[in-house]
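S.K.: build the 3D model from these lines:
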Amino acid sequence: MKLSPYKIVVIYLALAGLWIAFSDQILYWFIKDSENLTIAQSIKGFVYVITTGLLLYILISRYTYELRKAFRRERRREEEKNVVWRSSPDGIVGITKDGKIFSLNDQANKWLDVSLPTEQKFWDFFEKPYREQIKQSIEEILRVDKPEFVFSIYGMLRKERSHYWFEIRLNKGTYEFNEFVVATMHDITDKINREKEVELLKNGFEQIGVGIALAYKHGDIIFVNNKLSELLGKDKDQLKSYFDCLRFISDESETIINQVKETINAGKAWDKIFEVKQEDYSIEYLTVNVFPMSYKDEHFILVILENITQQVLSEKRLSQQQRMEALGYLANGVAHDFNNILGAILGHVDLILEEYSDVRGLSKELEIIRNAVLRGRDMTSQILSVSRENGGERIPLDISQIINEVLTLLKPKISARIKIEVDTTEPLPKVLASPGKINQILLNLCINACQAMTQGGILHIRTEKIIADEPLLAKHPELAPGEYLRILVSDTGIGIDPDIMEHIFEPFFTTKRGKGGSGVGLYIVRSLVTSLGGGISVYSDPGKGTRFCVYLPVYTEMKEEPVVTLISEEKVPKGSENILLVDDEPMLSRIIGRLLTKLGYHVRIVNNPIVAKEMIEQGLIENFQLAIIDNIMPEISGEEIIRILHDKEISIPVILTSGMITDEIVYSANKLGVSAILEKPCSYSVLGNLVRKVLDEYMRDIQRG
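M.R.: Numbers count the residues shown, from 1 in each chain. Predicted structure coming up:
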């Protein structure tokens with residue numbers, strides 16, 4: 001049985017009282033001798049003292065043990081509290097009502113680096129923007145009469161050139177009627193830095209020129225940048241899933257989405273290029289890349305959408321340019337040989353016409369042959385015009401006047417069911433161009449437009465002055481910044497199939513095979529426009545119509561252009577001078593020689609340029625008053641032979657012949673001091689007049705000294 005201290009004292013008093021009351025009486029019963037009784041009473045006293053001491057010892061030791069046990073238990077609890085206090089990852093700070101720190105744990109001391117006691121206020125440790133907020137928050141929580149009230153704020157302090165961010169939780173405490181504040185500082189520096197990194201990444205994603213979307217693997221969107229929303233033409237709120245990116249691009253979205261899912265589930269990236277038709281009938285190219293991603297056992301999808309229209313168009317232009325260059329080289333070679341053949345035919349025809357002009361019926365038939373040859377020469381020149389920069393004298397032109405001339409030629413040839421509308425803004429600036437080139441450009445475009453409207457329609461021509469802005473220059477990198485005259489030729493015909501759109505400017509490409517289409521019309525149009533420093537584009541909506549836009553630079557100042565002197569076919573003057581003819585084509589050189597011989601000249605024909613070089617080096621051409629030299633010959637060109645003449649200081653007028661005259665040839669000829677350039681094939685009268693003109697000028701120069 002466990003006795004309380006109260007019961008033990010009562011029992012002890014009772015027993016002590018009984019002992020005092022009856023112990024002496026008992027001794028009297030047994031001891032009669034007074035001396036022995038005195039001894040017994042002494043012994044009784046000692047026994048009482050000893051017994052009382054033992055009882056007190058037992059009582060005191062028991063409760064002393066309990067006290068020590070309770071003290072150790074309390075001290076252990078206190079030590080555990082201190083361990084928790086010290087080892088807490090959060091900083092814990094005790095703050096007085098006036099803001100002073102009276103207690104803090106190790107973690108808080110590590111951040112604040114303060115020694116107690118201190119007169120520093122808690123909020124003084126933080127950067128200025130946050131000091132007043134913390135001070136006001138502490139004052140506020142002391143005013144609130146709710147012990148359980150917790151106030152959370154943010155603070156930032158600087159230490160060793162680093163910034164630390166904290167979430168500070170403030171609660172009010174009371175001890176012995178004294179109020180204080182406990183501040184718990186939770187380090188959120190890593191969280192803030194991660195948030196900053198995320199914000200920086202978001203800002204970076206907003207700056208780059210591609211659309212980006214981040215989504216969960218099941219589809220839900222996490223983040224979409226503005227560029228992706230712009231490319232799709234949709235608000236961000238409309239993009240609930242990354243599958244929406246595909247739905248807004250393609251009509252076959254469900255099939256594509258299934259392909260994406262299969263590819264992503266296999267752990268591979270998926271990509272595709274889409275052609276997107278715009279409202280103005282133009283085509284834009286968008287590439288979509290879908291990448292699988294993982295982070296901490298979670299799976300995500302990254303979608304990258306990019307407008308690669310300029311890249312695709314540039315690649316197509318480069319590919320087309322390479323094809324054009326190859327075809328140009330081929331055309332040049334073919335044209336050179338073809339012109340030599342035409343030259344031989346034309347020369348023989350002129351020779352026969354000259355000798356048998358009195359034969360009845362023969363002249364008429366020969367004129368038909370001669371006209372056919374000249375038409376063949378014109379066709380060759382038309383094909384070669386894509387690589388020629390001269391193409392006639394360039395003068396300031398009024399486009400309105402050219403349009404009227406083209407329509408005058410066009411109206412008798414088109415169906416009455418086609419209505420022509422002309423919309424020109426006045427006044428229009430002029431352009432510097434050859435009238436023939438502009439006429440050919442407009443005539444080709446108008447004829448094509450009319451042929452596309454088999455059931456009738458509207459041919460609309462519009463002209464306006466524009467300034468080349470960034471979008472236009474991006475679509476036409478061949479254009480330079482500045483003012484342009486835009487000519488729009490549109491029709492309401494059948495339109496152009498998107499599959500062939502990229503081929504329409506290629507040579508010999510036609511959709512009218514077997515119907516009279518040669519496939520060089522638009523090719524030549526584009527080449528002529530380019531040679532004038534302009535650009536051309538086409539927009540078509542199948543079934544609704546097509547619109548061609550031609551951009552020509554506005555004329556600002558007169559440029560020096562080569563003056564072309566046309567020699568009329570009048571009576572051909574004769575002569576008796578010695579002429580050296582160097583041409584690697586025997587058939588053509590023989591007929592030129594015969595024509596010149598008929599005019600009275602003495603001609604020496606050399607078909608091998610190496611032989612001509614040896615003759616010059618050996619001084620065998622001193623008796624010649626004129627040299628006619630072909631520009632393109634094997635092994636040694638005409639320009640090289642002319643340089644040899646200069647090296648040998650042989651002063652003789654030179655006529656350079658070529659089947660294709662370009663600005664480069666004109667520039668080189670002028671630099672070499674060539675007297676004239678003769679384009680092959682040429683007529684009998686042109687040849688005779690030019691030879692006589694060069695010889696007469698040479699003789700006048702000699703006489704002048």
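S.K.: can you give me the strands for the stretch 301-450 of the chain?
M.R.: Applying DSSP state E, counting those that start in this stretch to the stretch 301-450 of the chain gives strands spanning 395-397, 418-424, 431-433.
S.K.: check which helices and strands the last one is in contact with.
M.R.: Under the contact definition 3 or more CB pairs under 8 Å, 6 or more residues apart in numbering; DSSP states H and E, strand 431-433 sits against strand 395-397, strand 545-553. C-beta coordinates here come from the backbone N, C-alpha and C atoms, glycine included.
S.K.: mind saving the C-alpha coords of the last one as CSV?
M.R.: The C-alpha coordinates for strand 545-553 follow below in CSV (Å, rounded to 0.1, in the frame of the first residue of the first chain):
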residue,chain,number,x,y,z
GLY,A,545,-8.4,33.2,-109.4
THR,A,546,-4.7,34.2,-109.5
ARG,A,547,-2.9,37.5,-108.7
PHE,A,548,0.6,38.4,-109.9
CYS,A,549,2.5,41.2,-108.2
VAL,A,550,5.3,42.9,-110.0
TYR,A,551,7.6,45.2,-108.1
LEU,A,552,9.7,47.7,-110.1
PRO,A,553,12.1,50.3,-108.5
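S.K.: now do it, average pLDDT.
M.R.: Per-region confidence: strand 545-553 scores 92 on mean pLDDT.
S.K.: same deal with stretch 252-269?
M.R.: On average, stretch 252-269 scores 84.
S.K.: tell me what the helix or strand containing Val10 is packed against?
M.R.: Assigned by DSSP states H and E, Val10 belongs to helix 5-30. For helix 5-30, the helices and strands in contact under the criterion 3+ CB pairs under 8 Å, 6+ apart are helix 34-87.
S.K.: from the chain's centre, how far out does the helix it packs on sit?
M.R.: Distance of helix 34-87 from its chain centroid, counting by CA atoms, centre = their mean, to the nearest Å, is 93 Å.
S.K.: same question, stretch 265-276
M.R.: Centre-to-centre, stretch 265-276 and its host chain are 19 Å apart (CA atoms, centre = their mean).
S.K.: now do stretch 258-276
M.R.: 22 Å.
S.K.: what's next to that stretch, contact-wise?
M.R.: Stretch 258-276 is contacted from outside by 217, 243, 246, 249-250, 256, 283-292, 301, 308, 312, 498, using CB atoms under 8 Å, 6 or more residues apart in numbering.
S.K.: could you flag which of the residues you listed are buried?
M.R.: Buried members of these, counted by 16 or more other CB atoms under 10 Å: 217, 243, 246, 249-250, 256, 283-288, 290, 292, 301, 312.
S.K.: which of those residues lies closest to Cys450?
M.R.: When the buried ones among the contacts of stretch 258-276 are ranked by distance to Cys450 (CB to CB), Ile283 comes first, at 25.1 Å.
S.K.: distance of Ile496 from Gln310?
M.R.: Distance of Ile496 to Gln310, given as CB to CB, to the nearest Å: 21 Å.
S.K.: so which of the two has more stuff around it?
M.R.: The neighbour comparison of Ile496 against Gln310 (other CB atoms under 10 Å) goes to Ile496, with 20 against 14.
S.K.: assumed Ile153 was part of a helix.
M.R.: No - checked against DSSP: H, G, I helix; E, B strand; the rest coil, Ile153 lies outside a helix; its state is strand.
S.K.: that one contacts Glu132, correct?
M.R.: No - checked against CB atoms under 8 Å, the pair Ile153 and Glu132 is beyond contact range at 10.9 Å.
S.K.: quick one: residues contacting Thr463.
M.R.: Listed by CB under 8 Å, 6+ apart, the contact partners of Thr463 are 399-400, 403, 423-425, 428, 485-488.
S.K.: likewise Glu405?
M.R.: By CB under 8 Å, 6+ apart, the residues touching Glu405 are Asn439.
S.K.: what confidence value was assigned to it?
M.R.: You'll see Glu405 listed with a pLDDT of 82.
S.K.: below-threshold pLDDT in the stretch 1-150 of the chain: ranges please.
M.R.: 1-6, 8, 81, 84-85, 147-148 (pLDDT under 70).
S.K.: mind redoing it with 90?
M.R.: Filtered on pLDDT under 90, the stretch 1-150 of the chain yields the residue ranges 1-92, 97-98, 102-120, 124, 127-133, 136-150.
S.K.: cool, the stretch 551-700 of the chain as well?
M.R.: Using pLDDT under 90, the stretch 551-700 of the chain drops low at 555-574, 584-596, 598-599, 617-623, 631-635, 646-651, 658-673, 677-688, 698-700.
S.K.: what's the domain layout of the protein?
M.R.: In terms of domains, the chain is parsed into 5-85, 88-192, 208-307, 312-377, 395-553, 578-703 (source: automatic domain parsing).
S.K.: how far does the third one stretch from start to finish?
M.R.: Here the two ends of domain 208-307 are set 12 Å apart, with distance taken as CA to CA, to the nearest Å.
S.K.: would Ile621 count as being in a strand?
M.R.: No - assessed with three-state DSSP, Ile621 is coil; it does not lie in a strand.
S.K.: just give me the neighbour total for it.
M.R.: Neighbours of Ile621 using other CB under 10 Å come to 19.
S.K.: my read: it touches Leu580, true?
M.R.: Yes - contact criterion CB under 8 Å: Ile621 and Leu580 qualify, at 5.6 Å.
S.K.: what touches both of those two?
M.R.: Shared contacts of Ile621 and Leu580, defined by CB under 8 Å, 6+ apart, comprise Ala627.
S.K.: element containing the nearest residue to Ser152 once chain neighbours are set aside, please.
M.R.: Excluding the flanking residues, the one nearest Ser152 by CB to CB, 6 or more residues apart in numbering is Arg169, at 5.3 Å. Following DSSP H and E, one finds Arg169 within strand 162-175.
S.K.: and for the next helix or strand after that strand, what's in contact with it?
M.R.: Next along the chain after strand 162-175, taking DSSP H and E as the criterion, comes strand 178-187. Applying CB under 8 Å, 6+ apart, the external contacts of strand 178-187 come out as 89-97, 102, 107-108, 111, 122, 138, 141-142, 155, 164-174.
S.K.: again, only using 6 Å
M.R.: Around strand 178-187, the neighbours that count as contacts under CB atoms under 6 Å, 6 or more residues apart in numbering are 90-97, 138, 166-171, 173.
S.K.: ok, now stretch 529-549?
M.R.: With CB under 6 Å, 6+ apart as the test, stretch 529-549 has contacts from 280-282, 389, 433, 445, 476, 478-479, 488-493, 495-496, 526, 550-553.
S.K.: how about 7 Å then?
M.R.: 280-282, 389, 391, 433, 437, 441, 445, 452, 475-476, 478-479, 486, 488-497, 501, 504, 525-526, 550-553 (CB atoms under 7 Å, 6 or more residues apart in numbering).
S.K.: emit the PyMOL select command for whichever of these are buried.
M.R.: The following PyMOL line selects those of the contacts of stretch 529-549 that are buried, judged by 16+ other CB under 10 Å:
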select buried, resi 281+391+433+437+441+445+452+476+479+486+488+489+490+491+492+493+494+495+496+501+504+525+526+550+551+552+553
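S.K.: which of the contacts of stretch 529-549 fall within helices?
M.R.: The helices, defined by DSSP state H, take in 437, 441, 445, 452, 475, 525-526 from those.
S.K.: could you identify the most distant pair in the buried ones among the contacts of stretch 258-276?
M.R.: Largest pairwise distance in the buried ones among the contacts of stretch 258-276, by CB to CB, is 32.7 Å, between Lys217 and Ile283.
S.K.: ok, back up a step: which one's more surrounded, Ile153 and Glu132?
M.R.: Regarding Ile153 and Glu132, a neighbour count based on other CB under 10 Å identifies Ile153 as having more, with 17 against 11.
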